[in-house]
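Colleague: Fold the following for me, if possible:
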Amino acid sequence: MNIQENISLKNYNTFGIDVKARFFVEITGLVQLQKVLELKAYPKKFIISGGSNMLLTKDIDALVVHLKLKGISIVEENENFVEVKAMAGENWHELVMWSLDQGFGGLENLSLIPGNVGTAPIQNIGAYGVELKDVFVSCAAMDVKTGQLEGFDNEACEFGYRESIFKNRAKDKYIITSVVLKLTKKDHVLHTGYGSIENELKEKGIVHPTIRDISDAVIAIRRSKLPDPKEIGNCGSFFKNPVISQKAFDRFIKKYPNAPFYEMDDDKFKIPAGWLVEQCGFKGKRFGDAGVHEKQALVLVNHGSATGKEILDLSKKIQDEVQKTFKIKIQPEVNIIK
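Modeller: Modelled structure (predicted):
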């Protein structure tokens with residue numbers, strides 16, 4: 001086991017924030033992970049995987065454990081469905097591409113979401129009308145105190161909109177090591193309801209789309225408006241779309257009749273956070289090296305050498321302005337490490 005000291009985490013978080021890990025170790029196996037958790041010489045441990053859903057605002061005075069658990073396998077199948085197990089260190093988008101290569105449906109709308117498999121359940125990743133919980137069977141997670149593996153089925157994960165038990169009651173108590181997903185082998189249920197997907201398919205002249213067509217459409221849409229973390233530091237959507245009550249919506253839409261919204265099942269309405277931020281004039285704005293992306297106001301970016309604190313300060317400034325203008329509170333989707 002190679003434990004290093006004072007290692008920069010710039011290449012381990014998609015924001016490209018240059019903070020240091022006091023100690024650092026890479027993990028490729030479950031037994032190795034158990035042994036690391038048992039190390040009494042390093043009482044504080046910090047888990048990092050794809051680094052795609054976090055904002056690091058300071059140096060990490062702990063043993064940073066970089067999860068590189070790899071492997072994709074089929075655990076169960078019949079003529080209609082297949083259950084696929086993916087280890088936590090697998091890249092999410094590469095898993096989606098693998099599933100499409102096998103002809104398995106269910107993940108196509110989740111194409112090009114940054115990050116690794118292990119972090120997907122934490123915030124119940126979702127895009128274009130599909131969430132992880134729609135295909136999620138279970139995950140294995142290691143108790144950080146005991147080193148024991150425990151299973152969490154769909155219900156036990158307490159999934160909500162960009163929420164799960166791992167973001168709330170069980171935060172920092174478990175390390176997700178693998179995920180099992182149930183995918184379709186035939187009679188795929190296609191989700192093309194989002195206008196942007198319909199438009200993309202229409203432009204390509206596709207009337208009867210395949211799961212691959214939908215994935216290609218999602219990739220094209222995301223690439224057209226979302227920056228590549230390899231080119232400019234970001235972690236995708238920084239804010240969650242706020243959900244408001246019928247009463248609050250009635251007040252809001254009366255004042256802003258042209259505002260976009262999505263009606264939900266239980267007399268609640270989802271307002272696009274990107275639209276709220278853009279209306280407040282932040283789209284494309286830059287404050288030093290911290291900024292808001294020019295094509296998508298939901299995305300905060302690091303233009304080069306912004307600190308985590310500078311990105312955090314900008315996010316608070318945006319939250320305050322949206323609250324002041326619309327009387328709507330927007331919350332970060334990312335995990336902020338203070």
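Colleague: can you pull out the helices in the chain?
Modeller: Per DSSP state H, the chain has helices spanning 30-37, 92-101, 195-203, 211-225, 246-255, 273-279, 308-326. These are given in chain order.
Colleague: Which of the ones you listed has the highest mean neighbour count?
Modeller: Each of those was given a mean neighbour count from mean count of other Cβ atoms under 10 Å, and the largest, a mean of 21, is that of helix 273-279. Quick note: C-beta positions are derived from backbone N, CA and C, even for glycine.
Colleague: Residues contacting that one, please?
Modeller: Here helix 273-279 makes contact (Cβ atoms under 8 Å, 6 or more residues apart in numbering) with 237, 239-242, 259-260, 283, 292, 296-298, 318, 322, 325-326, 328, 330.
Colleague: Look up how far residue 52 lies from the residue nearest the centre of the chain.
Modeller: Centrality entry for the chain: nearest residue to the mean C-alpha point is residue 125, 5.0 Å, by Cα atoms, centre = their mean. With distances taken as Cβ to Cβ, to the nearest Å, residue 125 is found 10 Å from residue 52.
Colleague: Next, show the common contact partners of the two.
Modeller: Common contact partners of residue 125 and residue 52 (Cβ under 8 Å, 6+ apart): residue 115.
Colleague: list the contacts for the residue of the chain most remote from its centre?
Modeller: For the chain, the residue at maximal distance from the C-alpha centroid (Cα atoms, centre = their mean) is residue 254, at 32.9 Å. Shown here is residue 254, which makes no contacts under the criterion Cβ under 8 Å, 6+ apart.
Colleague: Now stretch 2-20 - C-alpha only, PDB.
Modeller: Presented in PDB, the C-alpha positions along stretch 2-20 are these (Å, rounded to 0.1, in the frame of the first residue of the first chain):
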ATOM      1  CA  ASN A   2       1.600   3.200  -1.200                       C
ATOM      2  CA  ILE A   3       0.500   6.200   1.000                       C
ATOM      3  CA  GLN A   4       1.800   9.500  -0.400                       C
ATOM      4  CA  GLU A   5       2.000  12.900   1.300                       C
ATOM      5  CA  ASN A   6       1.000  16.400   0.200                       C
ATOM      6  CA  ILE A   7      -0.500  15.400  -3.100                       C
ATOM      7  CA  SER A   8      -2.400  18.000  -5.300                       C
ATOM      8  CA  LEU A   9      -6.000  17.000  -5.900                       C
ATOM      9  CA  LYS A  10      -6.300  19.200  -9.000                       C
ATOM     10  CA  ASN A  11      -6.500  16.200 -11.300                       C
ATOM     11  CA  TYR A  12      -8.900  14.400  -9.000                       C
ATOM     12  CA  ASN A  13     -11.800  16.900  -9.100                       C
ATOM     13  CA  THR A  14     -13.500  18.000 -12.300                       C
ATOM     14  CA  PHE A  15     -13.600  21.700 -11.100                       C
ATOM     15  CA  GLY A  16      -9.800  21.500 -11.300                       C
ATOM     16  CA  ILE A  17      -9.400  23.100  -7.800                       C
ATOM     17  CA  ASP A  18      -5.800  22.900  -6.700                       C
ATOM     18  CA  VAL A  19      -6.000  21.800  -3.000                       C
ATOM     19  CA  LYS A  20      -3.700  19.400  -1.300                       C
END
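Colleague: Give the buried residues for that stretch.
Modeller: The neighbour-count check on stretch 2-20 (16 or more other Cβ atoms under 10 Å) flags 3, 7, 9-10, 12-20 as buried.
Colleague: Now do it: everything it contacts.
Modeller: 21-26, 42, 48, 50-52, 54-60, 63-64, 66, 114-115, 229, 233-236, 302, 305-308, 311.
Colleague: burial count for residue 302?
Modeller: By other Cβ atoms under 10 Å, 25 other residues sit near residue 302.
Colleague: Return the set of residues that bridge with it.
Modeller: When bridges are taken as DSSP bridges, the partners of residue 302 come out as residue 233, residue 290.
Colleague: wait, isn't it in contact with residue 231?
Modeller: No - distance between residue 302 and residue 231: 11.1 Å, which falls outside the contact criterion (Cβ atoms under 8 Å).
Colleague: In contact with residue 117, which residues are there?
Modeller: Taking Cβ under 8 Å, 6+ apart, one finds 86, 87, 88, 89, 90, 91, 92, 95, 178, 179 in contact with residue 117.
Colleague: tell me the pLDDT at residue 49?
Modeller: pLDDT recorded at residue 49 is 92.
Colleague: picking up where we left off before, confidence-wise, which of the helices of the chain is weakest overall?
Modeller: Of all the helices of the chain, the segment with the smallest mean pLDDT is helix 195-203, scoring a mean of 91.
Colleague: per the record, what domains does this protein have?
Modeller: When the chain is parsed into structural domains using automatic domain parsing, the resulting residue ranges are 4-67, 72-184, 233-337.
Colleague: would you list these in a markdown table and tack on distance to residue 210?
Modeller: Formatted as a markdown table, the domains of the chain follow (distance: least, Cβ to Cβ, whole Å):
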| stretch | distance to residue 210 |
| --- | --- |
| domain 4-67 | 28 |
| domain 72-184 | 9 |
| domain 233-337 | 26 |
